[in-house]
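[1] Model the structure of this input:
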Amino acid sequence: MSRPDFDLSVYLVTDTAQCGGPEEIVETVRRAISGGVTLVQFRDHDLPDDEFVALGRRVRDVCDEIPLIIDDRVHLVAEIGADGAHVGQSDMP
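    Residues are numbered from 1 along each chain as shown. Sure, this is the predicted structure:
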């Protein structure tokens, strides 16, 4: 489901290490949304694409009322069902 307007007032960027590992990301996102997060950026630079997609889909399921942005991996946005991608300046050719 695409959303034309994003509310960036409380923007969560996930960090696997800070969340306690990949399995803790989903619960961290759930709690953050309950606390008022308005957008989630799913970020993990270590997982291989297949594991990233599987975990990203679980995060997507939790983000049913708010946008989900995928960090860097533009090629996986549609497969996960996310609302967009974040690509930093240093990630551009």
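[2] residue ranges for the strands of this structure, please.
    For the chain, applying DSSP state E gives strands covering 11-13, 39-42, 68-71, 84-86.
[3] who does the last one touch, helix- and strand-wise?
    In this case it means strand 84-86. strand 68-71 (3 or more Cβ pairs under 8 Å, 6 or more residues apart in numbering; DSSP states H and E). Yep, even glycine has a C-beta here, placed from its N, CA and C like the rest.
[4] The strand it packs on packs against which elements?
    strand 39-42, helix 49-62, helix 77-80, strand 84-86.
[5] how about low-confidence regions in this protein?
    1-4, 91-93 (pLDDT under 70).
[6] follow-up on the earlier one: with distance to V77 and mean neighbour count as added columns, please give the strands of the chain in a markdown table.
    Formatted as a markdown table, those follow (distance: least, Cβ to Cβ, whole Å; neighbours: other Cβ atoms under 10 Å):
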| stretch | distance to V77 | mean neighbour count |
| --- | --- | --- |
| strand 11-13 | 16 | 16 |
| strand 39-42 | 10 | 22 |
| strand 68-71 | 5 | 22 |
| strand 84-86 | 5 | 16 |
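[7] Make a markdown table from these and add distance to E27 to it.
    Below are these laid out as a markdown table (distance: least, Cβ to Cβ, whole Å):
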| stretch | distance to E27 |
| --- | --- |
| strand 11-13 | 13 |
| strand 39-42 | 13 |
| strand 68-71 | 16 |
| strand 84-86 | 22 |
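[8] Nearest to G21 among those strands would be which one?
    Nearest to G21 among the strands of the chain is strand 39-42 (14.5 Å), distances taken as Cβ to Cβ.
[9] can you give me the offset of the closest one from its chain's centre?
    Distance, stretch centre to chain centre, for strand 39-42: 4 Å (Cα atoms, centre = their mean, to the nearest Å).
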